[in-house]
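# return atomic coordinates for the entry below.
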Amino acid sequence: MGNCLKRGNVLPKERPIVPNHTVPDDVLPKHKAHPNHNYKSNRIKTTKYSVITFLPKNLFEQFHRFANIYFIFVVALNWVPEVQAFAKEVAALPVLFVLMVTAIKDAYEDFRRYRSDKKINALTCRVYSKAEERYVKAEWASAYPGDFVHLSCNEIIPADILLLRSSDTAGICHIETSNLDGENNLKQRQKVSGIDTERDDFDPRQFTYTVMVDQPNTSIYSFKGYVMKNGEKIPLNSSNLLLRGCMIKNTDFIEGMVLYAGHETKAMMNNRGPRYKRSQLERRINRDVIWCVILLLFLCFFCAIGSGIWLGGYNDITDNTNLVPFIPFSDLDFYSPLFQGFIVFWTYIIIYQSVIPLPLYVSVELVKLGQVYFIMQDLELYDEESDKRLECRALNITEDLGQIEYIFSDKTGTLTENKMEFKSCTVGGVDYPHIPGDDSYTGQSDFDSRLSLAGVSRSSSIYENLPLEPALQRELSNMCLRSLESVELTIPPHVKRVQEFFLLMAICNTVVVSHHPHEDLMDESGFLAEPYFNRNADQASEAMDHYNRLQQTSTPVSVSKSSKFGSRLSLSASQSDLGDYPATLSEGSVTGSSFLSDYSLRTRYEAESPDELALVKAASTYGCRLLKRSPDKVIVWLPAEGEVEFAVLNVLHFDATRKRMSVIVRHPLSNEIILFVKGADTAILSILNKRYKEDHEDKHTVSETEKHLMSYALRGLRTLCMARKVLSEDEYQAWLVGQKEAESAMEDRDRKIMDSACRIENDLDLLGATGIEDKLQDGVPETIAKLREAGINVWVLTGDKQETAIQIAYASKLISKDQIVITINAHNKDETQDLLVHHLGQIHRDWSGQQQTQADIDTAVVPGPNPANADGQMYAMVIDGQTLNHALLPENEKFFLALSQKCQSVVCCRATPIQKGNVVKLVRDHLEKMTLAIGDGANDVSMIQTADIGVGISGQEGMQAVMASDFAIARFRFLERLLLVHGHWCYDRLAKFAGIMFYKSLISVWVLFWFQIFSGFSGSLMIDSLYLTLQHVAFTALPPLINGVFDKDLSAETLLANPVLYKPCQRSEAYENSAVGIWEFGTTICVCEILSILLMFGIETTSWVWLQWLVLVLSFIIFWMFCVILNAIFFTFDHPSNPYWVMENTISTPIHSCIVIITCVVALMPRLLVRTLQMSLFPNEIHIARRQEKCQAEDEDLKISVHSPEPRGQQTNGDLPHNSNVPLRENSSRARHWHTSVTEESIIT
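As a prediction, this is how the structure comes out:
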């Protein structure tokens, strides 16, 4: 039943884990008699090779590449005597060199993995020993499923563990998952309920139950199982599981049983390393390699035919007196023109093998690694506030950053800060705006002066600069005064609704309250130093006594009447000396006191959602303060009642389908069972009690609430609705039966739980709604403007309300006031199609004045340039989630694409994660455009993985988007530099690098080809084979690598100031089909060939650094010295073409130098001529910007030398402006005048 099953066997859906201490001592975990023997141990091994398997396995992997197989075939072919062209040993050197370099790289990477594995496996934790009956320290690698482990605070979890015991009396454990998903906020886990593991009587030996769990999987946030206890199934879920790699926090210690170990843990199953994608430029390079193969076959056939014709021209070759020049024969009777052509064809396969660049793919990988390194080192992409820099998770698509045409962006946390601030609320149809700067906010002083808050100070971690609303303050103040004046309190309905509204905000969440430092009391022997829980109870009792004494001696708070807004407390009491006692717990459900200790205020809230944190803080500011949370209770402080303990019966967590969250509690005063619900307006208003459609007053409340929600959305606020429902005991018990069945189901558990939640979440009473502000990030409008100027289409895909999304689009300059906003809201697919076609016709009439035909619509979706008329009206499209479902149907998608291409901006609101991914896929596949998706949350993972490039923002929503992305940045504004600067550089460098590699290969082939015409197509060589084999892997290898990493055609300042320079990269102008094979003619000897290649590198280099100069010069010196030394000492090498003393004789003759100089000039002249004519007469945007940079630098040098007071940017050279910040479109008309205004300077820079 294990994982290693024969082919065809199917794993069961669940597997049992038996506690190891229940198995006899002589049965080891790996023994077949052990019930857990099929499961992985906790030892990890991420290495691919061993010392024995490295060589065969690595070679096997390398031979999966077509290029390597091809060159090995050529080497083998060279060993055939009849077709041998090179010396056997020499021919194998290049491919052996490439294989060796790749093998060394793979060995180094694998050795690093080996050291990491060894370090991790050697970590220690406490594992329960059956023989010693205590916890002993053991290495992680020794842990096995079924073992019990004991972990302390701040200790890393070694395996996936079922939580059975916690030092917390409520069975709570807090963990930090930053090592797993990057999220730093604490998460709650709770011990398994229904098992006797309370107090100090817990002993691993007493846990003898079998645990049934699902098979190992990659879902970090999903876990299902149950404990078989005396025939009863106790359900397990993800809240009971501690995942490997997480860290214990705010908990003294925990104990649990290992369920998944080693490679079966969720962390290891999700550890896939860097993502591999194939870039668009790489696909084009592969296509050109195919053309090189076709060229190779053509040349070989041509030369084979030529050799046959040459041989056929000699009629009598039967004796040695009439030999054919250049063609030796071993058997004259056997040779014929046809056979000679066949033999020489394979000879030319060997000679022309370099037409396919052997080191191309290895060199491309090295260049990309260098580019990635320097991108990550860019301090301009470092965010000081979060202390995060750019992270490259996909190492091989850097050049795609320079060819993006569509960007799909999330809104919350991507364009906005995702730091929520409570701004407005509506309760019972009454709006309570929170307007900062309003001097009427003075009610707080009166409110606070009547409530004695002894010795308190507002914690900066809780209280923000929230201006309190006077009407809400008066409601709560009057309620508190009545509670102090009368025991029998009669609360008006609206005031009660206000109190329940803030109570819901305080308890309907998963916010974690943390208080004090923690330590483990287990000693080195593996036993607790003293009964821990007894000690904890004594400490709590002491804290209660101290707290009561503090209440009796408390002094009122003094509040300044003149304090600004009256929204902050002015405190005169000294700090409390309560110290680090545990959180105060009341003996009853209600303390009946309105005093808060300084310790209770000195808390910190940890929330998985910024929205929940904002709501809890707002409720705390109004006096409804969350003090403590556990799985079965929550303690809050209310202004009228004081400290109140609510029994938590059930928590129905938020999901994207329901779009709401609920908590069921029992009220300690009324003993009522209350369901509190919060969620999106569409998810709450549709399930209200039917009286809200019948009763006039209730209808008015809903109507006013909807108006306020619309008002909040128009202000760009995020909205949530709050509702409640009182459940009868019978109703709750009946529902609870179905809920328990859903929670214990092993199949389709998530759907059953959602259905169960929907059954209880109905007939709600509306309390109100909130408006939370999520401010735009710094630089978002400017960044979007620059990206659009660069020719990039920006779409926003968000789950927010339509009005909120539109307001954010205006604020971020995605939509301008000059654009007409087309809103597409429909209820079915036919209505959607009608709307799309109607707006297409309207735009067509506006632009052309003619009616649009079906043919116009069909051609609108053909990949190509945007058909929008630049002189016509500009449009923006907004579509909601329901309509988007219909628009993405096959019969409507072409109309949706046609309309989107005619709009400068597109906003998709109320979009689900699946819809986001489908929109990206539609544009990517049908328009054949390069796409980029950027987001920060789990709901953005789908589109991030679908796009050609996925960018994750490491923000407030955790790191799920980052984990799924190719690049991770801290702020949206960094996208501008990442694309316009690094994208431009990486594409330009790699495109030129690929062209140079093909140039190197073809130049040597053409040299050999032209010589064949003069040698009877015999396959003879005029260059020594050693020179030919080493020139690409030794003599000319480093310059293109250095250029591919360091070359800059334009400075970062120029690229940022002129986004239009991004467009040539989108058009792939740096890598054109005609760029290879124009200027390779005229080189005749190897020295000229090498020198021409190196000089060509100099021509292609646009920015010089010392390393480029050094590598270029050293490359030629190494070649020269190699030739001299080889020719001087190896007089018996490479028989029969012995090169002994050839180089020395050659360089001693003046004609050699003349030929080298003349040949190199003639060989490079076409390239220089074409480049000069292009920059002078037909310059593109990059040429113009480069010329501006040079003139600006020259102008600065002139000012420094003559101390000229002339202002920067003044035109001193004809019509050419010297300031690089001048838009290029203003200077394009002046480009043709450069050759007349600049006559003495080189155009090649």
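# what backbone torsions are found at the spatially closest residue to Ile953 that is not a sequence neighbour?
The shortest distance from Ile953 to any non-neighbouring residue, by C-beta to C-beta, 6 or more residues apart in numbering, is to Asp936 (3.9 Å). No exception for glycine: its C-beta is placed from N, CA and C like everyone else's. The phi/psi pair for Asp936 (degrees, to the nearest 10) reads phi -130, psi -10.
# measure Asp936 to Ile254 for me?
Using C-beta to C-beta, to the nearest Å, one obtains 31 Å as the distance from Asp936 to Ile254.
# pretty sure the residue nearest to Ile953 contacts Gly952?
Yes: Asp936 lies in contact with Gly952 (C-beta atoms under 8 Å); the separation is 6.7 Å.
# common neighbours of those two, please.
Common neighbours of Asp936 and Gly952 (criterion: C-beta atoms under 8 Å, 6 or more residues apart in numbering): Ala961.
# and Ala107, that's in a strand?
No: using DSSP: H, G, I helix; E, B strand; the rest coil, the assignment for Ala107 is helix, not a strand.
# now for the nearest residue in space to it that is not next to it in sequence, how many residues are close by?
The shortest distance from Ala107 to any non-neighbouring residue, by C-beta to C-beta, 6+ apart, is to Phe54 (6.6 Å). Neighbour count for Phe54, taken as other C-beta atoms under 10 Å: 16.
# and what of the one 10 residues further on?
Close neighbours of His64, defined as other C-beta under 10 Å, add up to 8.
# check the secondary structure at it for me.
coil.
# and Asn1127, what pLDDT?
If you check Asn1127, the pLDDT there is 54.
# the stretch 651-800 of the chain: helices as residue ranges?
Remark: helices assigned in the stretch 651-800 of the chain by DSSP state H, counting those that start in this stretch are 681-684, 696-714, 729-744, 749-760, 780-789.
# want to throw these into a markdown table with mean neighbour count?
As requested, those are exported to a markdown table (neighbours: other C-beta atoms under 10 Å):
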| stretch | mean neighbour count |
| --- | --- |
| helix 681-684 | 19 |
| helix 696-714 | 17 |
| helix 729-744 | 14 |
| helix 749-760 | 16 |
| helix 780-789 | 20 |
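# among the ones you listed, which comes closest to Lys921?
helix 780-789 (21.4 Å; C-beta to C-beta).
# show me what that closest one is in contact with.
407, 415, 794, 811-814, 904, 972-973, 975-976, 979-980, 1056, 1059-1060.
# inside helices: which ones of these?
Ala811, Leu975, Glu976, Leu1056 (DSSP state H).
# grab the nearest non-local neighbour of the third one.
Closest residue to Glu976 apart from its sequence neighbours, by C-beta to C-beta, 6+ apart: Thr783 at 4.5 Å.
# I'd like the distance between the one you found and Arg977.
Counting by C-beta to C-beta, the gap from Thr783 to Arg977 is 9 Å.
# cool, and Leu99?
Distance of Leu99 to Arg977, computed by C-beta to C-beta: 39 Å.
# list the buried ones in the lengthiest helix in the chain?
In the chain, with assignment by DSSP H, the single longest helix is helix 280-312. Buried residues in helix 280-312, counted by 16 or more other C-beta atoms under 10 Å: 280-282, 284-285, 288-289, 292, 295-296, 299-300, 303-304, 306-308, 310-311.
# same check on stretch 238-249?
Neighbour-count burial for stretch 238-249 flags Ser238, Ser239, Asn240, Leu241, Leu242, Leu243, Arg244, Gly245, Cys246, Met247, Ile248, Lys249 (criterion: 16+ other C-beta under 10 Å).
# then stretch 361-372?
Here stretch 361-372 shows Tyr361, Val362, Ser363, Val364, Leu366, Val367, Lys368, Gly370, Gln371, Val372 as buried, counting by 16+ other C-beta under 10 Å.
# of those residues, closest to His150?
Nearest to His150 among the buried residues of stretch 361-372, with distances taken as C-beta to C-beta, is Val372, at 42.2 Å.
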